[in-house]
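> Sequence first, then the predicted structure, then my questions.
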Amino acid sequence: MSDIYDLVKRYPWLPSLKTYYSDIALKNPLDFISEIFSSNKSEELESRVLNLFNDAFNKIEHLSEYELDEINIYVYLILRILLYIINDKILSNRIANIYSKTTYNELNKENEYNLYYIYQDLNLKVIYEEQPFVYKKFVVKEQKEIFKTNFKISFLDYLKLASNLKDEYRKLVNNALLQGYVYIKPENINRLLQEHVRKKLLIQNNEVSSDFEKFKERLFEIHEFKKLYTTITKIWESKKEEFEYSIDITFKEGKDYSGILPPCIKEILSKAQEGQNLVHTERLFILWFLNSLKYPEDKIINVFSTLPDFDREKTAYQVKYAMKKGYTPYSCKSLKSYNLCFANEYKDPICLEGYYSRMQDEQKFISHPLKYIEVKEYRDSKKLKKTKNQSQDQK
């Protein structure tokens with residue numbers, strides 16, 4: 001029993017929280033906040049919650065402090081309430097990413113017994129086999145690599161967990177499937193659980209109702225909670241601009257290209273900025289596109305730094321490799337085949353109508369996103385020149 005209590009302390013998002021800590025988990029949120037902020041835990045809680053937000057604000061990739069004790073349960077529940085009433089998509093993504101990455105690291109430290117319990121607690125149909133199962137073999141130049149695991153998960157549960165991670169290698173067809181089960185290493189199940197935890201913290205109110213405002217007012221009657229909320233929102237207001245403009249497309253000294261990007265690039269950068277997961281084709285495209293613009297290596301790496309599964313070392317290796325190879329970004333035709341064309345959604349006239357070619361005396365359609373930049377830059381330069389001429393005429 002003590003083992004189960006300890007696991008719930010480490011992972012308060014587990015369903016068992018309601019069983020073994022029902023006095024905390026099932027309490028009315030207002031009563032919970034009132035009691036906890038009037039207890040002797042208040043000061044420690046405030047410190048930990050502030051540290052967590054500061055780590056997220058400072059773009060640290062994993063939590064600098066993660067205590068595996070009962071207070072961790074309170075931190076998680078307070079975090080959910082704070083994100084609910086702050087109601088900011090970018091902030092929620094950032095907090096969800098850093099918290100879920102830390103969870104993934106902690107899960108990978110667990111022994112197989114604890115992992116099996118965690119999977120069962122989540123009602124996942126996971127089976128542990130005493131003898132490891134060899135599910136993949138690679139032979140390259142007489143070098144053999146064998147992949148084996150003791151775990152298998154029902155393909156239905158696998159699909160449910162992997163639904164938001166659309167990378168090619170996560171598709172069912174690219175995994176070892178036998179008699180309705182996917183053979184999978186525990187670290188790969190843990191990566192799916194990372195996404196599960198991340199989604200639990202993505203709390204967003206699309207419509208702010210009168211009930212929501214009343215709930216906030218009642219919470220703010222609790223002085224210590226309001227003080228914590230005010231501290232966090234003040235820091236966020238001062239940091240917000242850094243997050244909103246953290247993906248900068250200024251790849252030449254003194255020249256800002258953010259206003260002339262094609263819709264396909266804007267959409268991917270917007271998703272990355274919000275901390276959403278990018279599929280493999282999106283990652284390749286943005287990497288090759290920025291590299292084609294001679295964007296600095298460290299800047300390209302930082303574009304990926306907000307993603308849920310960001311690993312700086314791996315990303316740096318992949319960026320260097322791509323820069324060395326000099327791959328060309330996808331054409332418009334390829335982007336359409338990958339569902340990465342957003343011309344219609346953005347109602348972009350250059351993408352939809354094309355441009356007039358004086359040389360060929362005809363209207364031509366954009367066939368590549370790099371051509372889009374060339375056309376947009378030319379048009380903007382013409383507008384600027386016209387504005388300057390009009391200004392001089394008025395003088």
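Cool, got the structure. No experiment lies behind these values; they were computed from the predicted model shown. Residues are numbered from 1 along each chain as shown.

> Can you pull out the low-pLDDT segments for this protein?
In the predicted model of the chain, residues 1-2, 139-142, 166, 204-207, 241-257, 358-360, 386-395 satisfy pLDDT under 70.

> Which parts of the stretch 251-395 of the chain are strands?
Remark: strands assigned in the stretch 251-395 of the chain by DSSP state E, counting those that start in this stretch are 355-357, 362-364.

> and the first one, what other elements does it pack with?
Counting contacts by 3 or more Cβ pairs under 8 Å, 6 or more residues apart in numbering; DSSP states H and E, strand 355-357 packs against strand 362-364. All C-beta spots, glycine's among them, are computed from the backbone N, C-alpha and C.

> And for Arg283, the neighbour number?
When neighbours are counted by other Cβ atoms under 10 Å, Arg283 registers 19.

> Let me see the domain layout of this protein.
2-107+205-240, 124-192, 258-389 (automatic domain parsing).

> now the ones you listed as TSV including distance to Tyr117?
Rendered in TSV, the data for the domains of the chain read as follows (distance: least, Cβ to Cβ, whole Å):
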stretch	distance to Tyr117
domain 2-107+205-240	6
domain 124-192	10
domain 258-389	24
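
> related to what we said a few turns ago, buried deepest among the strands of the stretch 251-395 of the chain, which one?
When you average the neighbours per residue for each of the strands of the stretch 251-395 of the chain (mean count of other Cβ atoms under 10 Å), strand 355-357 leads with a mean of 13.

> Listing partners with orientation, what would you give for that strand?
Within its sheet, and counting by DSSP bridges, strand 355-357 is paired with strand 362-364 (antiparallel).

> Could I get the strands of the stretch 251-395 of the chain in a markdown table, plus columns for distance to Arg94?
Output for the strands of the stretch 251-395 of the chain, formatted as a markdown table (distance: least, Cβ to Cβ, whole Å):
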| stretch | distance to Arg94 |
| --- | --- |
| strand 355-357 | 39 |
| strand 362-364 | 42 |
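
> Go through these and name the closest to Gly180.
strand 362-364 (52.5 Å; Cβ to Cβ).

> thinking in terms of the whole chain, how far from its middle is that closest one?
40 Å (Cα atoms, centre = their mean, to the nearest Å).

> got a list of contacts for that strand?
Strand 362-364 has contacts (Cβ atoms under 8 Å, 6 or more residues apart in numbering) with Glu353, Gly354, Tyr355, Tyr356, Ser357.

> If we use 6 Å, what do you get?
Here strand 362-364 makes contact (Cβ atoms under 6 Å, 6 or more residues apart in numbering) with Gly354, Tyr356, Ser357.

> The second one - nearest residue in space that isn't next to it in sequence?
Taking Cβ to Cβ, 6 or more residues apart in numbering, and ignoring the residues beside it in sequence, Tyr356 has Gln363 as its nearest neighbour in space, at 5.6 Å.

> what about the helices in the stretch 251-395 of the chain?
With DSSP state H, counting those that start in this stretch as the criterion, the stretch 251-395 of the chain has helices at 263-273, 280-292, 297-303, 312-325, 332-337, 343-346, 349-353, 369-394.

> Over to the stretch 101-250 of the chain?
Counting by DSSP H, counting those that start in this stretch, the stretch 101-250 of the chain has these helices, from start to end: 112-121, 155-162, 186-200, 210-220, 223-244.

> what's the closest of those to Asp31?
helix 210-220 (10.5 Å).

> So which elements touch that closest one?
Helices and strands touching helix 210-220, as assessed by 3 or more Cβ pairs under 6 Å, 6 or more residues apart in numbering; DSSP states H and E, are absent.

> buried set for it?
Under the neighbour-count criterion of 16 or more other Cβ atoms under 10 Å, helix 210-220 has Phe215, Lys216, Leu219 buried.

> and what of stretch 318-330?
Gln318, Val319, Ala322, Met323, Tyr327, Pro329, Tyr330.

> Could you dump the residues you listed into TSV with distance to Phe285 added?
Formatted as TSV, those follow (distance: Cβ to Cβ, whole Å):
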residue	distance to Phe285
Gln318	13
Val319	14
Ala322	11
Met323	15
Tyr327	10
Pro329	6
Tyr330	5
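
> For Tyr229, state which of those residues is nearest.
Among these, and counting by Cβ to Cβ, the member closest to Tyr229 is Val319, at 38.7 Å.

> How about the contacts made by that closest one?
So Val319 contacts Glu297, Ile300, Ile301 (Cβ under 6 Å, 6+ apart).
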